[in-house]
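J.: Here you go, sequence then predicted model.
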Amino acid sequence: MISVCSSNNLAYVIYTSGTTGNPKGVMIEHIGVINLKLALAELFELNATAESVLSFSNYVFDHFVEQMTDALLNSQVLVILNDEMRVDKPRLYQYLNKNAVTYLSGTPSVLQEYEFEQLSHIKRIDAVGEDFSETIFNKIRSTFNGLIINGYGPTEISITSHKRLYYVGEKRINKSIGKQIANTSCYVLDKNLNQIPIGVIGELYIGGMGVARGYLNRPELTAERFLPNPFQTEQEKKEGKNARIYKTGDLVRWLSNGEIECLGRDDFQVKIRGLRIELGEIEAVLSSYQGVKQSVVVVKHSKTLDGIDRNRKHLLGYFVSEYTLAESDIKQYMQTRLPDYMIPNRLMRIEKMPVNISGKLDTRALPEVDFSKYDQSEFVLPGNDLEVKIVEIWSDLLCLPVENISVHHDFFSLGGDSILVIKLSLMLSKLLLVKLTIQTIFEKKTIAKLASHILHKLGDNAEQNDHIPQINAAYSKHPHYELSFAQERLLFISEFDGENTTNAYNIPIYIQCSNNNARRDL
């Protein structure tokens, strides 16, 4: 029987950010996928029918391929998760326990929100896609006693090239990405492609079976990023192995134990919430807007209330124009050309781009953006109790004074992001007893639109429902009450039957007793 597929045939093409403002399609061959499957099976000692892997990533991102590979190609179970369950933590935990999920992977930003003590079967957690800080590591370890993994790998190396395993008792004291997986070679080189010694910072180049074929219809870029391997051995030449290396753009250094420590990007590619973003791609769209003469997009950090030493990344765009341009108009234009996660949180007009002594752009001299001073000319105060309550919640999440938040402000322009959307959805759902999906908040980005949607969903208008948030106002200020045994029983029944018991234990009226005698008379 003639084989119709070989290891060098194309397995898939997946797109990632381009260096000239155009996305680039990465061509991955079957040999890369199969090597990933075998390497991870060996590394994690995967036993057939003994593992359940959660599919958390969207299928358009390369990490989905690793989750699928871990599961299906190793005879494991792949557990699919729907969007609504991602924000409904009680249902999510029940679902993971019911399906005995043992392997959970995701970005550190997402993983840190899990309450792992409520998950019965998780054996390993794989943190991928962004920097795994010591702070987030310690937060996860405080509630999880299994194996924690820090994964690393560009799309161009068939998703994963390095893994660092942390067993119980080990601390994360540096930014190690561990050692390369099987059939993978790595080199730390200077700008002249010379290998450099332990402890010296250089750029990471990766070779081996996982190296992609190149970029689809981009021969010049392929030649720039995929280079002949000057360190290929004579034996490898005879066997036709390890012939090319990929230039990652990541600054790293060797550690004395043979591991690699990753220190950040060497170019203008950044990672925000696990998504690799080419700043040049955003700048190209911003600069194409009529009236914009020059632009630059940078990543800056702002403090959040839920972590003193944890920074939240924001995309900020600066542009030069001869006349004033409306930020909302520019954003609307960019939204027709870029996905939501690539739209800058804020845009600022400046007179000219700052440069340093050598004439290069000095991003450190760009002015700070004050999220609390957004569209003050169109400032509108909340018009009912529901809008007042949502303003208070936004204030807590975004670390902004309530008096600086207008009901027409955009949540994302004030510094919101997808992680905060999840928190906002949970807080509003608990407070108002109305289920709000992530998609709803992405669509209703202002307080006015969100409040209108909520009141419409409750089946009444704003004037008649102004009392609704007041009923739960006291609860919202004291969200942590310990349930009695009877209450836990009712909660379990409600969660178990889902929407069928939404109103089963609804109390339509209540009677206020003025004194003890009245209580005895009941």
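T.: On my side now, so go ahead. Residues are numbered from 1 along each chain as shown.
J.: what sits up against stretch 58-65?
T.: Residues from elsewhere that reach stretch 58-65, judged by Cβ atoms under 8 Å, 6 or more residues apart in numbering: 12, 14-16, 33, 55, 57, 105, 128-129, 155, 159, 274-275. Every residue, glycine included, has its C-beta placed from N, CA and C.
J.: which stretches of this protein have low pLDDT?
T.: 1-3, 17-22, 47-49, 266-269, 273-274, 302-312, 356-360, 370-378, 460-522 (pLDDT under 70).
J.: what's the domain layout of it?
T.: Annotated domains of the chain cover 10-265, 277-303+315-365, 374-522 [automatic domain parsing].
J.: returning to what we had before: only the buried subset of the contacts of stretch 58-65, as a ChimeraX command please.
T.: Remark: buried members of those, expressed as a ChimeraX selection using 16 or more other Cβ atoms under 10 Å:
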select :14,15,16,33,55,57,105,128,129,155,159,274,275
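J.: Secondary structure and distance to residue 145 added to the contacts of stretch 58-65, as a markdown table?
T.: As requested, the contacts of stretch 58-65 are exported to a markdown table (DSSP: H, G, I helix; E, B strand; the rest coil; distance: Cβ to Cβ, whole Å):
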| residue | secondary structure | distance to residue 145 |
| --- | --- | --- |
| 12 | strand | 36 |
| 14 | strand | 35 |
| 15 | strand | 38 |
| 16 | strand | 35 |
| 33 | helix | 32 |
| 55 | strand | 24 |
| 57 | coil | 25 |
| 105 | strand | 18 |
| 128 | coil | 21 |
| 129 | coil | 24 |
| 155 | helix | 32 |
| 159 | coil | 27 |
| 274 | coil | 25 |
| 275 | strand | 30 |
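J.: which one among the contacts of stretch 58-65 gets closest to residue 286?
T.: residue 275 (18.2 Å; Cβ to Cβ).
J.: For stretch 159-176, list every residue counted as buried.
T.: Within stretch 159-176, judged by 16+ other Cβ under 10 Å, the buried ones are 159, 160, 161, 162, 163, 164, 165, 166, 172, 175, 176.
J.: quick revisit: which one of the domains of the chain is the most hemmed in?
T.: Mean neighbours per residue, mean count of other Cβ atoms under 10 Å, is largest over these for domain 10-265, with a mean of 18.
J.: ends of it, how far apart?
T.: 28 Å (Cα to Cα, to the nearest Å).
J.: show me where the stretch 201-350 of the chain has strands.
T.: Remark: strands assigned in the stretch 201-350 of the chain by DSSP state E, counting those that start in this stretch are 202-208, 214-215, 226-228, 244-254, 260-265, 269-272, 275-278, 292-304, 307-321, 346-350.
J.: Out of those strands, flag the one nearest residue 75.
T.: strand 202-208 (24.8 Å).
J.: Could I get the CA-only coordinates of the one helix or strand residue 395 maps to as PDB?
T.: Using DSSP states H and E, residue 395 falls within helix 385-398. The C-alpha trace of helix 385-398 is given here as PDB (Å, rounded to 0.1, in the frame of the first residue of the first chain):
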ATOM      1  CA  ASP A 385     -29.400  53.400  40.700                       C
ATOM      2  CA  LEU A 386     -28.200  50.600  38.400                       C
ATOM      3  CA  GLU A 387     -25.800  52.900  36.500                       C
ATOM      4  CA  VAL A 388     -24.500  54.200  39.900                       C
ATOM      5  CA  LYS A 389     -23.800  50.600  41.000                       C
ATOM      6  CA  ILE A 390     -22.000  49.700  37.700                       C
ATOM      7  CA  VAL A 391     -19.900  52.900  38.100                       C
ATOM      8  CA  GLU A 392     -18.800  51.700  41.500                       C
ATOM      9  CA  ILE A 393     -17.800  48.300  40.200                       C
ATOM     10  CA  TRP A 394     -15.900  49.900  37.300                       C
ATOM     11  CA  SER A 395     -14.100  52.100  39.800                       C
ATOM     12  CA  ASP A 396     -13.000  49.100  41.800                       C
ATOM     13  CA  LEU A 397     -11.900  47.100  38.800                       C
ATOM     14  CA  LEU A 398     -10.100  50.000  37.000                       C
END
